[in-house]
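In: For reference, the sequence and a predicted model appear below.
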Amino acid sequence: MTAITDQEFEELLLEAWDRCTDDQSLRTAPVYGRLRKWLAKLSSKCRRGDSDRCQLQYVLCALRANDYACLDKLLDEDIDEPAYSTAAATGCEVAVAKKEEQSVEAKGGTDARLTAALATVDDRISLQQFLREVAAHTCDGGTLLARISTDVLSDFRSFVDNVFSNRVTQIGMVLAREQMSIRDRYTDLESRTMNRAQLALIRVKESMPTFDWNRYATETGYLKGLVVSRCVQDTNSDDADSDDLRGKGLLYQLNWLRSEIDRADCDNHGLQEQHSSLINELATINKKISDVQCKAANDMAILTEELNRLRTKSADQICTIDKLMETIQITMENSKTDSTTNKITCSLDR
């Protein structure tokens, strides 16, 4: 076996996992459990030596040849490197060589086996399993079929991206805006709740400066006892100082009433002066209104007389114009008659 790179090792390991998962005949073989444990152990290794790489190649050859006896020997963890290499060389490679010879001899029946493999394919089979079953019966090992399948899948992915990428982007933007609005709303609610809690805490500190939160959390009747003791203290202090407080209250009330009386007198005096000034202004305004009304009445009488005079003058002028028009018409008729007479006379003289 030739040395392989890390990428080739990962590809071979992935192929071994696929065959272990999809091969139905391998699932019923006794070596199936050991094979899965060995693959899991090999996948979890951080460092893979040359022995691991070589052993994986031989195991994959045995899986391809369906030689479970050789596979059982290869998975034996007690054999050393030389024995392992010898077993692999004598078992797996010989089986692969025999398999190739049989495939060359049976080349004429490739089409029949391909047809039989296609007949067993249903809609639930995966693309990898389909390629694995059909590739063994093709001349190029399924390379062309795999390339065509890859191109078709790439075209389909690009088509899906072109159709749905814009829509997915729009939906993502809408959902992002909704999430931002939800975040802002919850932030507002959090700030309101914190403000209310802070106000409640300030109120408790103002009402009960000696309030102990630890005792409130541990003792059930702490708050009730604190309120009752506070009420009792307030009642005792009220009984002791009730007379002094009542006298001080009456004195304060008397002083307040006196100050209110002085303020009311000052306000009343100012209102009286304002009332007097308003009365004087009203009398002045009424006098001006009466003067304006008298002047307007006189002007109306004068204008009415002038209007009547102008109407009379206009009527006289209309009569004069009518007389002048009649005179002009008569004169024009007389002139026409004279001209006619002159024409007749001239004609007679001739």
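Out: It's in.
In: Contacts only, for residue 71.
Out: 31, 35, 59, 62, 63 (CB atoms under 8 Å, 6 or more residues apart in numbering). Every C-beta, even on glycine, is put in place using the N, C-alpha and C of the backbone.
In: if you set the cut-off to 10 Å instead, what comes out?
Out: 26, 29, 31-32, 34-35, 38, 58-63, 65, 91-92, 95 (CB atoms under 10 Å, 6 or more residues apart in numbering).
In: Of those residues, keep whichever come out buried.
Out: 26, 29, 31-32, 35, 38, 58-63, 65, 91-92, 95 (16 or more other CB atoms under 10 Å).
In: Quick check: residue 153 vs residue 142, distance?
Out: Counting by CB to CB, to the nearest Å, the separation of residue 153 from residue 142 is 15 Å.
In: Neighbour count: the two, which is higher?
Out: residue 142 (18 against 11; other CB atoms under 10 Å).
In: Leaving out chain neighbours, which residue sits closest to the more buried one?
Out: Nearest residue to residue 142, sequence neighbours excluded (CB to CB, 6 or more residues apart in numbering): residue 135, at 2.7 Å.
In: Counting only helices, which of the buried ones among the contacts of residue 71 make the cut?
Out: 26, 32, 35, 38, 58, 59, 60, 61, 62, 63, 65, 95 (DSSP state H).
In: can you redo the residues you listed as JSON lines with pLDDT?
Out: Formatted as JSON lines, these follow (pLDDT from 0 to 100):
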{"residue": "26", "pLDDT": "78"}
{"residue": "32", "pLDDT": "81"}
{"residue": "35", "pLDDT": "82"}
{"residue": "38", "pLDDT": "83"}
{"residue": "58", "pLDDT": "82"}
{"residue": "59", "pLDDT": "82"}
{"residue": "60", "pLDDT": "80"}
{"residue": "61", "pLDDT": "81"}
{"residue": "62", "pLDDT": "80"}
{"residue": "63", "pLDDT": "80"}
{"residue": "65", "pLDDT": "78"}
{"residue": "95", "pLDDT": "46"}
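In: Output the residues you listed as TSV; include the columns distance to residue 129.
Out: Rendered in TSV, the data for these read as follows (distance: CB to CB, whole Å):
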residue	distance to residue 129
26	13
32	17
35	18
38	22
58	24
59	20
60	17
61	20
62	20
63	14
65	18
95	23
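In: Just give me the closest of those residues to residue 272.
Out: Sorting these by distance to residue 272 puts residue 38 at the head of the list, at 116.8 Å, by CB to CB.
In: residues contacting that closest one?
Out: Contacts of residue 38 by CB under 10 Å, 6+ apart are 16, 20, 31, 55, 56, 59, 71, 74, 75, 77.
In: I'd like to know how far the first one sits from residue 62.
Out: I take that to be residue 16. 10 Å.
In: Where does the prediction get shaky in the protein?
Out: 1-4, 46-48, 77-111, 117, 232-243, 348-350 (pLDDT under 70).
In: Can you pull the domain assignment for it?
Out: 6-105, 249-350 (automatic domain parsing).
In: Buried deepest among the ones you listed, which one?
Out: domain 6-105 (a mean of 15; mean count of other CB atoms under 10 Å).
In: Pick out whichever of the buried ones among the contacts of residue 71 sits closest to residue 9.
Out: Closest to residue 9, out of all of these and judged by CB to CB, is residue 60, at 10.7 Å.
In: give me every residue that touches the closest one.
Out: 12, 13, 15, 16, 19, 71, 92.
In: ok, those residues vs residue 216, which is closest?
Out: The closest of these, once distances to residue 216 are taken by CB to CB, is residue 13, at 64.5 Å.
In: residues touching that closest one, list them.
Out: Applying CB under 10 Å, 6+ apart, the residues contacting residue 13 are 39, 42, 43, 48, 52, 53, 56, 59, 60.
In: now the second one: how far from residue 65?
Out: The reference is to residue 42. To residue 65, residue 42 is 20 Å away according to CB to CB.
In: Grab the CA positions of stretch 304-318 and hand them over as CSV.
Out: This file holds the C-alpha atoms of stretch 304-318, laid out as CSV (Å, rounded to 0.1, in the frame of the first residue of the first chain):
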residue,chain,number,x,y,z
THR,A,304,-79.8,113.8,1.9
GLU,A,305,-80.4,117.4,0.9
GLU,A,306,-77.5,117.4,-1.5
LEU,A,307,-78.8,114.2,-3.1
ASN,A,308,-82.3,115.6,-3.6
ARG,A,309,-80.8,118.8,-5.2
LEU,A,310,-78.7,116.7,-7.5
ARG,A,311,-81.7,114.6,-8.5
THR,A,312,-83.7,117.8,-9.3
LYS,A,313,-80.8,119.2,-11.3
SER,A,314,-80.5,115.9,-13.2
ALA,A,315,-84.2,115.9,-14.1
ASP,A,316,-83.9,119.5,-15.4
GLN,A,317,-80.9,118.6,-17.5
ILE,A,318,-82.8,115.6,-19.0
